[in-house]
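> here is my input; please provide its structure:
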Amino acid sequence: MDQTYQNARPTLPDPATAPELFEGLLTRRVAAFVIDLFVMGMMILAFSLVGLIAGFLTFGLAWLGLFLVVPATIILYYGATLGSPKRATLGMQAMDIVLTPTRGQPLDGWMAFIHAGVFWITTWISWPLSLLFALFTPRRQMIHDLITGTLMVRRSPMVRHWRAQSARTSQAY
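Okay, the predicted model is just below:
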């Protein structure tokens, strides 16, 4: 393999050399998901109330769009949070975890949307299998992380890892 390509590609953190990045990660992910479900539930409730009131004002016409509230809220929430520069939902921010791309591409809004979509599909099909993947992969990746090429790590230690990696690359040139 071309040496230039290997150096240009970001190195993934390894649990053996950087265990602080993966410490308590699965528990943090579950807690973050519960927080996110609560936040999305509140958003769905608020949007539904607005739709309900709008339905009265439009003689029932706005009620036709109420079936879109749940999927629109999920898309809006994940696109706005995972697609932001913080690369974390509100629950993930509270639990100090961040979504990191593993394939060398930037994590943009589309990638965040695809990650969330694959997450909901794999969870809907078989959430126990997805959790089992996380228990047996060295970097605690779930099925949707492996499919989309992302990695979930603790944010505060990862910032130190990014700074160290950036310093090594700037010294190489």
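
> now the residue of the chain most remote from its centre: phi and psi?
Distance to the chain centre peaks in the chain at Phe59, reaching 39.4 Å (criterion: CA atoms, centre = their mean). Torsion angles at Phe59 (phi, psi; degrees, to the nearest 10) stand at phi 60, psi 40.

> kindly report the same for Val98.
phi -140, psi 150.

> hey, what's it bridged with?
Val153 (DSSP bridges).

> what pLDDT does it get?
For Val98, the model assigns a pLDDT of 91.

> need the contact list for it.
Neighbouring residues of Val98 by CB atoms under 8 Å, 6 or more residues apart in numbering: Lys86, Arg87, Ala88, Met92, Met152, Val153, Arg154, Arg155, Met158. Yep, even glycine has a C-beta here, placed from its N, CA and C like the rest.

> now it: how far from Ile147?
19 Å (CB to CB, to the nearest Å).

> next: Thr89.
19 Å.

> quick one: which of those two has more around it?
Applying other CB atoms under 10 Å to Thr89 and Ile147 shows that Thr89 carries more neighbours, namely 25 against 15.

> picking up where we left off before, top of the contacts of Val98 by number of neighbours, please.
In the contacts of Val98, the most neighbours by other CB under 10 Å go to Met152, 27 neighbours.

> roughly how far does that one sit from Asp36?
Taking CB to CB, one finds Met152 at 13 Å from Asp36.

> between these two, what contacts are shared?
Contacts common to Met152 and Asp36, judged by CB under 8 Å, 6+ apart, are Met92.

> could you look up the SS state of the nearest residue to Leu25 once chain neighbours are set aside?
Closest residue to Leu25 apart from its sequence neighbours, by CB to CB, 6 or more residues apart in numbering: Arg140 at 4.8 Å. On the three-state scheme (DSSP: H, G, I helix; E, B strand; the rest coil), Arg140 is labelled coil.

> my guess is Arg140 contacts Thr27. True?
No - applying CB atoms under 8 Å, one finds Arg140 not in contact with Thr27, separated by 10.4 Å.

> tell me which of those two has more neighbours.
Using other CB under 10 Å as the criterion, Arg140 and Thr27 rank with Arg140 on top: 21 against 10.

> wait, what's in contact with that one?
Contacts of Arg140 (CB under 8 Å, 6+ apart): Pro15, Phe22, Leu25, Leu26, Ala134, Met152.
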